[in-house]
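Engineer: my questions concern the predicted model and sequence given below.
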Amino acid sequence: MCTSLALACSVVAVVGAFNEWHTTEQTCGDDDEACMPHTHTQATMLLQMNHHLERDLAQHVSILETCPLEQFRSSLAWLLETELLLESNITNSAQTRYLELAEQQQCEVGPEWSVSQKPLVINVGDGTTATKWLDGVMKDLGFNTVHAGMPYSDLGLQFKPEFASTADVDKYDYVSDSPTSFFTWQLVQSHPNALFLMTMRDPVEWRDTRIKDHHSTPWRQQGSPCLGAQFYDFNGSHVSASTYVAYSAWAKCVIPEDQFIGAVNVFADENNDAEFVDKLIHALETHGLQKPDWKNRTARVRANVALS
């Protein structure tokens, strides 16, 4: 968190840059081409310094500021209307769980999450929602991917995330699975040109499968608004299932609409995978993200999906 002195220095720097830029504007004539590059440089510096100041001021924000309750309800309703989730006691408890989480934690964007213009593709869905399948699709399309980026460190059971900063994720074209869902807010804030998507699954089915297949302590984590959360319910309660729904609705809420490709639950219908792949390919083409040999790559991917 920035100190008062650092914040004051940032304000002075921005004001000083503005004064210098404004003076340059006044002393240069409209037709003086020699002055134009200098004026542009000053303006750019002002905008950049102002952005850094805004980042300092907005470093910590409450969950309800990122997604007010009414917008959370709208996102949850969208997940139900599109049948990505089916209404149940778990989905009905998601709002209560969201408010509980909002009281426990805040969203933070540290200096390691500097703004990047890279058009990264990001799956914010939790693991065990067909993230491995979609990672394979993106690899076949020619993308440099990282999936389940939480390898063991040299310290035994200590897990070190494959990425925890802008510099880390920008080594790839596509990121998914843990720890991606732990950094959803940071990724949204740091990558204004990114495309986001979300793989999903029935919350109880997700919880049961996750516990069965990922029972070791370092993997017992799940996405939560602004923070990875430990599993809570080995005793049969529904806390992590309702956390899963609350996180999914929150993620849909905070991702800008023009950056959201869509969500898919391939477990709900056997045709969902092919429909989503078509949607994904179209979105990648629309944003100019085709890889070499694109026509052949997309044909192979569609053929493989049709056979699966």
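Structural biologist: Perfect, thanks for sending it. Numbers count the residues shown, from 1 in each chain.
Engineer: and the helices in the chain?
Structural biologist: In the chain, the helices defined using DSSP state H lie at 4-27, 36-57, 63-66, 69-81, 89-92, 94-104, 131-140, 166-169, 184-190, 203-213, 239-254, 272-286, 294-307.
Engineer: output those in JSON lines; the columns should cover mean neighbour count, distance to Gly262 and mean pLDDT.
Structural biologist: Yep, even glycine has a C-beta here, placed from its N, CA and C like the rest. As requested, the helices of the chain are arranged in JSON lines below (neighbours: other CB atoms under 10 Å; distance: least, CB to CB, whole Å; pLDDT from 0 to 100):
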{"stretch": "helix 4-27", "mean neighbour count": "13", "distance to Gly262": "39", "mean pLDDT": "40"}
{"stretch": "helix 36-57", "mean neighbour count": "14", "distance to Gly262": "29", "mean pLDDT": "45"}
{"stretch": "helix 63-66", "mean neighbour count": "18", "distance to Gly262": "21", "mean pLDDT": "97"}
{"stretch": "helix 69-81", "mean neighbour count": "16", "distance to Gly262": "11", "mean pLDDT": "98"}
{"stretch": "helix 89-92", "mean neighbour count": "16", "distance to Gly262": "19", "mean pLDDT": "97"}
{"stretch": "helix 94-104", "mean neighbour count": "17", "distance to Gly262": "20", "mean pLDDT": "96"}
{"stretch": "helix 131-140", "mean neighbour count": "18", "distance to Gly262": "12", "mean pLDDT": "97"}
{"stretch": "helix 166-169", "mean neighbour count": "19", "distance to Gly262": "21", "mean pLDDT": "96"}
{"stretch": "helix 184-190", "mean neighbour count": "22", "distance to Gly262": "16", "mean pLDDT": "97"}
{"stretch": "helix 203-213", "mean neighbour count": "17", "distance to Gly262": "19", "mean pLDDT": "90"}
{"stretch": "helix 239-254", "mean neighbour count": "26", "distance to Gly262": "10", "mean pLDDT": "96"}
{"stretch": "helix 272-286", "mean neighbour count": "16", "distance to Gly262": "6", "mean pLDDT": "97"}
{"stretch": "helix 294-307", "mean neighbour count": "13", "distance to Gly262": "16", "mean pLDDT": "97"}
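Engineer: need the ones you listed in TSV (columns: distance to Gly110).
Structural biologist: Formatted as TSV, these follow (distance: least, CB to CB, whole Å):
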stretch	distance to Gly110
helix 4-27	14
helix 36-57	10
helix 63-66	16
helix 69-81	25
helix 89-92	33
helix 94-104	19
helix 131-140	25
helix 166-169	10
helix 184-190	8
helix 203-213	28
helix 239-254	17
helix 272-286	30
helix 294-307	37
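Engineer: closest one to Trp113 among those?
Structural biologist: helix 184-190 (4.3 Å; CB to CB).
Engineer: alpha carbons of that closest one, as CSV, please.
Structural biologist: C-alpha atoms of helix 184-190 as CSV (Å, rounded to 0.1, in the frame of the first residue of the first chain):
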residue,chain,number,x,y,z
THR,A,184,-9.2,-12.9,-12.0
TRP,A,185,-9.4,-9.3,-10.7
GLN,A,186,-5.7,-8.6,-11.3
LEU,A,187,-5.9,-10.0,-14.8
VAL,A,188,-9.0,-7.9,-15.6
GLN,A,189,-7.3,-4.8,-14.4
SER,A,190,-3.9,-5.4,-16.0
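Engineer: now do it: which elements does it pack against?
Structural biologist: If contacts are counted by 3 or more CB pairs under 8 Å, 6 or more residues apart in numbering; DSSP states H and E, helix 184-190 sits against helix 239-254.
Engineer: orientation of the helix it packs on relative to helix 94-104 in degrees?
Structural biologist: 80 degrees (axes from the mean of the first three to the mean of the last three CA atoms, to 10 degrees).
Engineer: now the angle from helix 239-254 to helix 69-81?
Structural biologist: In terms of direction (the same axes, to 10 degrees), helix 239-254 departs from helix 69-81 by 110 degrees.
Engineer: so how far is helix 239-254 off the chain centroid?
Structural biologist: 13 Å (CA atoms, centre = their mean, to the nearest Å).
Engineer: likewise for stretch 97-114?
Structural biologist: For stretch 97-114, the distance to the chain centre is 13 Å (CA atoms, centre = their mean).
Engineer: now stretch 198-214
Structural biologist: 19 Å.
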